[in-house]
Structures are given as C-alpha cells and as structure tokens.
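Asks: no sequence on this one, just coordinates:
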C-alpha cells in the first residue's frame, strides 16, 4: 500500500481535533469530538486531543496491531486507553473524550475497512464499497431543531449533548463512538475485500465528507478521489472552505458547527 495524499484542515478557531496516519499495513483517520469541558485534565491541550494522539500512537505499535483484524485492533486499543485513563485517575464524573475512527488494515490477499462513529471509508476498483452513516447527523439535526422550537438555553442544550454522548459511548443507540470508557460498547461497520479488486481507499472525517454528502461539490466519491489524485487532497479541503465562506445558511443544515475539521487520507493498494 502507498499513500497517495493526506490532508487535515482545521475548521475553526479551536485547535485541530482530527488526526490521520499510516504504517506499512494500516491507515487511519481519527475525528475527535469537540471537548465540552473548559479545561484539560489529561496531559494535552484538550482531553480529546490526548485521546486522538493516544489512539494514533497505539495504531503505530506493531506489538498492538500485528496479526489482528480491524475490529480486534480497535477493541484492543479501547482496552489500552481505558487502562491509561485509570492510571491517570480520570474523574468518573468528568465528560469523557470521544472520537470516530476509520481504519484500513491490509494483509496478504485481503484488506479490511472498518469504522466506529461517523467517518467515511470508500474502496474503489472492480469492487466499490462505502462505509458511512448519517445517524449522527440526523440525531444532531433533530437536537438543533428541538433546541430552537423549545427555546432551550445554552445550559439545557449542553446537557442534551452530554446525555447523547454518553448514549453513543455505551452503544445504547444504533451507532457508537470510540472512547475507552469503562462502559464502552463499540459498534462496528466493516468490509473485507480482495486486494486485487481495489485500486484506492479513501478514509475521511465527516467534515471532509461534506464535500460530497452535504455540499455536492463532487458528484460522487469516485469523482472526488480522481480529483484528489490529480490535484491533491488540499485542493479538496480548499474547495470545502471556499463553499462554507460563501454559504451563509450552513448552520441551519443540521450541523452544530458551520465549519468542521476536514481530514482525509487516500491509499493506493
């Protein structure tokens, strides 16, 4: 596998909470969920940045990932993160950091794509497979609408976010997020494909996926991947930002953030 390109473009005034990376057999995108605490307890700028960096660090360790499928890798890392948090004395009443992860594992004659949360994973070639979900955007869109119609104040809106996040952590709904929480339940979507049937794999955060899903800047994922191959992924990120600057009503389109961190990596297989 070879890296065709990668990009991670910050979406606002906060530090970038997304990460991407790769080894000789793995590639990943990590989309950190916005921290709801005003300060950091963990040894990083924010709790979620600690989580994203820690996950990326474990993914780079062959001793953690060797010989495992994507689901097993993420399950093992969840346990490692939980142990790290216990060792650091993470307070049980503190809002837990969470993230979404898109992971590619290439081994022998097969590759496996897997997601937890809301990244998008796309395989292109003789076989074309997309792993994605609109579950979280629908959930948050309903919450945005309810907050407006019910006249909820900021404190009530925040309480709702915290409650939904805990439901996502514990897998109480159709989808989950990655956390390392002691009560975490991971919900996976994965696909296993023959290496010879796939030419490229795209992993991206939901902020980057807006280029196709929300903004229709590209007709489909194949068109985006071809454009990124020829022009570079930074050009796609720039197109996303240009659209957001001129579109004044994006905040009403079911997103809490008009502009989100946009992260992606493309692998040729």
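Replies: Structure received. Nothing here was measured: the structure is a model prediction, and the numbers come from that model.
Asks: mind showing which ranges of this structure have poor pLDDT?
Replies: Per-residue confidence for the chain (pLDDT under 70) gives these ranges: 146-150, 152, 247-259.
Asks: Going by residue numbers, what spans are strands in it?
Replies: For the chain, applying DSSP state E gives strands covering 2-9, 18-22, 26-32, 99-107, 110-116, 120-125, 129-131, 189-194, 198-204, 262-268.
Asks: looking at these, which is buried most?
Replies: Per-stretch averages of neighbours, counted by mean count of other CB atoms under 10 Å, single out strand 26-32 among those, with a mean of 27. C-beta here means a position set from N, CA and C on the backbone, and glycine is covered the same way.
Asks: who's in contact with the longest helix along the chain?
Replies: Here the longest helix in the chain is taken by residue count, with DSSP state H as the criterion, and it is helix 70-88. Counting by CB atoms under 8 Å, 6 or more residues apart in numbering, helix 70-88 makes contact with 26, 41-43, 51, 54-55, 58-59, 64-65, 68, 101, 103-105, 112-114, 116, 178-182, 184, 186, 188, 190, all of which sit outside it.
Asks: So for stretch 87-104, first residue to last residue, what's the gap.
Replies: When the termini of stretch 87-104 are compared using CA to CA, to the nearest Å, they are 29 Å apart.
Asks: what does stretch 96-113 give?
Replies: Using CA to CA, one end of stretch 96-113 lies 26 Å from the other.
Asks: for that stretch, the distance to its chain's centre please.
Replies: Between the centre of stretch 96-113 and the centre of its chain there are 11 Å (CA atoms, centre = their mean, to the nearest Å).
Asks: try stretch 199-210
Replies: Put simply, stretch 199-210 sits 9 Å off its chain's centre (CA atoms, centre = their mean).
Asks: residues in contact with the nearest residue to residue 124 once chain neighbours are set aside?
Replies: Computed as CB to CB, 6 or more residues apart in numbering, the closest residue to residue 124 that is not its neighbour in sequence is residue 200, at 4.8 Å. With contacts defined as CB under 8 Å, 6+ apart, the neighbours of residue 200 are 4, 123, 124, 125, 225, 229, 266, 267, 268, 269.
Asks: Look up how far residue 170 lies from residue 88.
Replies: 21 Å (CB to CB, to the nearest Å).
Asks: neighbour count winner among these two?
Replies: When residue 88 and residue 170 are compared for neighbours, residue 170 comes out ahead with 16 against 12, by other CB atoms under 10 Å.
Asks: my guess is the more buried one contacts residue 184, does it?
Replies: Yes: taking CB atoms under 8 Å as the contact criterion, residue 170 and residue 184 are neighbours in contact, 6.9 Å apart.
Asks: what do those two both touch?
Replies: Taking CB under 8 Å, 6+ apart as the criterion, residue 170 and residue 184 both touch residue 176.
Asks: How much space separates residue 44 from residue 157?
Replies: Using CB to CB, one gets 26 Å for the distance from residue 44 to residue 157.
Asks: Equivalent analysis for residue 189, please.
Replies: 29 Å.
Asks: same deal with residue 26?
Replies: Relative to residue 157, residue 26 is positioned 37 Å away (CB to CB).
Asks: still on that earlier bit, of the contacts of residue 200, which pair is most distant in space?
Replies: 123 and 229 (14.7 Å; CB to CB).
Asks: Enumerate the positions of stretch 55-66 that are buried.
Replies: 55, 56, 58, 59, 65 (16 or more other CB atoms under 10 Å).
Asks: got the end-to-end distance for that stretch?
Replies: Stretch 55-66 has an end-to-end distance of 15 Å (CA to CA).
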